[in-house]
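Chemist: I would like the atomic coordinates for the input below:
(one chain, ligands or ions: 1)
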Amino acid sequence: MKNCSTLIRGTVFTMDGARRVYSDGFVAVDEDRIVGVGPADECNYASRDEIGGDGHLIFPGLVNVHSHLVQGCIRGMAEGTTFMERLFGFYYPMTGACDEERSYDSAMPPLLDMVRRGVTTTADDHFTHVHKRSIDGVLAAVRDSGMRCRMARLTLNDKDAVPDGFREDLDTGLAETERVKSAWEDDRITVTASTIGISYCEPEQLKALWQWTIDNDRQFDIHAPAIMDTKFLAQRRGWEGGSFEWLDQEGMLGPNLISAHSQNLRPGEAELIRDRGAAIALVPDMEQVLGLVSFDARQFLDNDVTCGLGLDGPVVAYGHDLWTALRSFLTAQRLGDEHRRRSSNADISWTGDEVLYGSAEQALELATIGGAKALMMDDRIGSLEAGKDADLLVIDRGGETHLSPPAALIPNLVYGNGPNTDAIRRVMIGGQTVVEDGEHVSVDRREAVQRSDRLQDTLLDEVDARRFVRMRSRYSWL
Ligand SMILES: [Zn+2]
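Modeler: From the prediction side, this is the model:
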């Protein structure tokens, strides 16, 4: 028998290449690594910290590939507002007013939402640098949460796309990226450069940001197509093609590029993305909340494009719940398929012989190994295999009425929006326990709520944004 620091018993969903599931299995963790995975009768490990057993489910930690955590202070306020009302009315003003301490308080609740339900890695795109140390506040909250994070520091300077105070020249943007990189990078946090989308700065500046990511062996993370692309690409650059076609023409569409949303593409762009080896951060829950019936992940998945699932910022990512995104990936795709069938006047009569596209198993793959690949971290995370970092989630199914009986366990878990927090026996990141019996081991969530409530109250007055609270409400608020 070999000793290890933690031994976990239960049903092991490895997400390895063969997608092995050990119905009665074990995961042995030593220090920060997984040292053994397999069927229980082959377990030759012992540990003083042994958990799990009958009715326990062990998954790799989930990976969120898209977010803007500083938006915690405007959580859900998109409801009842137009895009321009929220963008310039409270979105830029409130997040821009966040200094280091405020950004910490703003980011902590969505971080706790994620980690307490088994998300162990998040990507983040930070672009509000009115206070240069705002990004440091988000990263301090990330570090206290224990999560892994691939942080992108976005430099913006387009005069029509963003308000005064948010624009930076390229030298400042890159110098600050270097500063944040040397201040924060460690085993769990990496920092890269980018911008929001290809029309948020001049082409040569975009190229310089991209070049920085090549020189530093980092990921280049953008939104494409971004909201302003159609208008600005045609108006200013005389470009009538698509955002990905433009990126390719400029030599930037390659394996280190990850693009968020990426819907409403031109014919052939999905194949172009596949040929260049770029990755896609699908954001199905937000697309569905916004009613985007044209959502299409199949154009990528059927072409073997690497995809992960992301949430986007809390202003529209209600609950900051990646389990919801797993379900939304399936429902949004099926609604999109139906929409396309109806608009092409194809035969839409249901015969009962069809199996719907996609599966709960596939959604779970996208949220684990898929997300790890999309963030170029699959050599370390995304599956339960010996040698990988010990990022995992242990669920006690014993009291989970919505997961009983178990014949359709994965569909019930995915369409049922995941486990309840009190069923989360443990979340480990790099072998370290960060959540135990549903509670974060070091961050007090009640205090996080108080601080975030107070912050929002202050900001609403400070930037005159109270007029957007409950805008167009049907209720009489007395
Ligand atoms: Zn976004």
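Chemist: which residues touch the most centrally placed residue in the chain?
Modeler: The chain has N64 as the residue nearest its centroid, 2.6 Å off, counting by CA atoms, centre = their mean. For N64, the contact set (CB atoms under 8 Å, 6 or more residues apart in numbering) comprises M114, V119, T121, T122, A123, L309, G310, L311, L322, G371. C-betas here are computed from N, CA, C, even on glycine.
Chemist: near the residue lying closest to it once chain neighbours are set aside, how many other residues are there?
Modeler: Closest residue to N64 apart from its sequence neighbours, by CB to CB, 6 or more residues apart in numbering: T122 at 4.5 Å. Neighbourhood size, T122 [other CB atoms under 10 Å]: 29.
Chemist: dump the residue contacts of T122.
Modeler: V63, N64, S67, L69, L111, M114, V142, M147, R148, C149, R150.
Chemist: just the residues you listed: which are in strands?
Modeler: Here DSSP state E is the test, and the contacts of T122 give V63, N64, R148, C149, R150 as lying in strands.
Chemist: pull out the buried members of those residues.
Modeler: V63, N64, R148, C149, R150 (16 or more other CB atoms under 10 Å).
Chemist: for those, give me TSV that also has pLDDT.
Modeler: What follows is those, written out as TSV (pLDDT from 0 to 100):
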residue	pLDDT
V63	98
N64	98
R148	98
C149	98
R150	98
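Chemist: dump these into TSV; add distance to L326 as well.
Modeler: Shown next, in TSV, are these (distance: CB to CB, whole Å):
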residue	distance to L326
V63	12
N64	11
R148	19
C149	21
R150	20
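Chemist: hang on, the earlier thing: relative to D391, which of the contacts of T122 is nearest.
Modeler: Distance to D391 across the contacts of T122 (CB to CB) is lowest for R148, with 7.2 Å.
Chemist: list the contacts of the closest one.
Modeler: T120, T121, T122, R188, I189, M377, I381, D391, I429, G430.
Chemist: with D113 instead?
Modeler: Per CB under 8 Å, 6+ apart, neighbours of D113: G319, H320, D321.
Chemist: equivalent analysis for F59, please.
Modeler: F59 neighbours (CB under 8 Å, 6+ apart): F13, M15, G118, L364, T368, L384, L392, L393, I395.
Chemist: now for those, which pair is the farthest apart?
Modeler: M15 and I395 (14.8 Å).
Chemist: counting neighbours, go ahead and name the busier of the two.
Modeler: I395 (26 against 23).
Chemist: what packs against the helix or strand where that one lies?
Modeler: Using DSSP states H and E, I395 falls within strand 392-396. With contacts defined as 3 or more CB pairs under 8 Å, 6 or more residues apart in numbering; DSSP states H and E, strand 392-396 has these neighbours: strand 6-13, strand 50-60, strand 424-429.
Chemist: in CSV: these, plus distance to E271 and mean pLDDT.
Modeler: Listed next are the helices and strands packed on strand 392-396 as CSV, based on distance: least, CB to CB, whole Å; pLDDT from 0 to 100:
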stretch, distance to E271, mean pLDDT
strand 6-13, 32, 98
strand 50-60, 30, 98
strand 424-429, 37, 98
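Chemist: on that earlier part again, dump the contacts of T122 to JSON lines, plus distance to H402.
Modeler: Formatted as JSON lines, those follow (distance: CB to CB, whole Å):
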{"residue": "V63", "distance to H402": "24"}
{"residue": "N64", "distance to H402": "22"}
{"residue": "S67", "distance to H402": "26"}
{"residue": "L69", "distance to H402": "29"}
{"residue": "L111", "distance to H402": "25"}
{"residue": "M114", "distance to H402": "20"}
{"residue": "V142", "distance to H402": "30"}
{"residue": "M147", "distance to H402": "26"}
{"residue": "R148", "distance to H402": "29"}
{"residue": "C149", "distance to H402": "30"}
{"residue": "R150", "distance to H402": "32"}
